[in-house]
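**Student:** Make a model of this:
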Amino acid sequence: MLRAEGVSRMYMRKTGQANHFYAVKGASLALVPGQVAVLTGRSGSGKTTLLHMLSGLLTPTEGHVWLDDADLYALDDKALSRLRNGRIAVVPQGRSAIDTLTALENVMLPSLLYGGAGDRAAALACMAALGVEHLANARPAELSGGELRRVAIARALSQSPDVLLADEPTGDLDDENTALALSVLQSAAKRQGRAVLLVSHDTEAVRYADRVYRMDGGTLSEGQ
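**Tutor:** Next comes the predicted model:
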């Protein structure tokens, strides 16, 4: 289980009456194996900041993030990087593929770090589930935004993570591929026992949720 306890992220201002502001303030939640949680809210409300703290990519100003018994931000950088690679997968917003690698090589990359042998068959199976296996040998420059998004989801799934955090995973997808991607992510929770968090403006994502959270002005609440 991944859980956040009272996490906040404060930033300093250079101008204005207040010299600081909170992007996220006092957020607590638990991501449970076998469940899909969906986090909604307006742009700029703190959703991505919270996801980055949950993933070990952004140190909270206050509070703790735990993965089972491990306090993420009590680990040194090397241990945290290794834990993220093995147990936490992130689908970031925007373009994340490495241009010099093929789509398949991008999907396999996490399994090749730290001396791993990689699993070509597993990577291709993840791509097939998202309908992009025929693009295995294509370079990112040859792919559409929607195809790159599905490759990014396949890469996250190929890590066989305990926790999968996806930031706007359907942002570049049409209706058909939105349904496909959400179904695959739901299956990762229900059939494979992953804890899945989807940060999304897409109201369709809520239909796949076991729990729904909302972020408003940096404050997290449960429910739509």
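
**Student:** From Thr49, how far out is the residue positioned nearest the centre of the chain?
**Tutor:** Closest to where the C-alpha atoms of the chain average out (Cα atoms, centre = their mean) is Leu165, at 2.3 Å. For Leu165, the distance to Thr49 equals 13 Å [Cβ to Cβ, to the nearest Å]. To be clear about C-beta, it is placed using only N, CA and C from the backbone, and glycine gets the same treatment.

**Student:** got the contact list for the residue nearest to the centre of the chain?
**Tutor:** Leu51, Leu54, Ser55, Ile88, Ala89, Val90, Val91, Val196, Leu197, Val199 (Cβ atoms under 8 Å, 6 or more residues apart in numbering).

**Student:** Show me where this protein has its helices.
**Tutor:** Here the chain has its helices, by DSSP state H, at 47-54, 77-87, 103-112, 120-129, 145-158, 175-190, 203-206.

**Student:** circling back: can you tell me who the residue nearest to the centre of the chain pairs with across the strands?
**Tutor:** Applying DSSP bridges to Leu165 gives these bridge partners: Val90, Leu197.

**Student:** what residue ranges in the protein score low on pLDDT?
**Tutor:** Scanning the chain for pLDDT under 70 picks out 15-18, 224.

**Student:** For Ala74, the count of nearby residues, please.
**Tutor:** For Ala74, the number of neighbouring residues by other Cβ atoms under 10 Å comes to 11.

**Student:** what does Ala122 give?
**Tutor:** Around Ala122 there are 16 residues (other Cβ under 10 Å).

**Student:** coming back round to it: let's have the helices of the chain in a markdown table, adding distance to Leu39.
**Tutor:** What follows is those, written out as a markdown table (distance: least, Cβ to Cβ, whole Å):
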| stretch | distance to Leu39 |
| --- | --- |
| helix 47-54 | 5 |
| helix 77-87 | 19 |
| helix 103-112 | 23 |
| helix 120-129 | 23 |
| helix 145-158 | 16 |
| helix 175-190 | 13 |
| helix 203-206 | 9 |
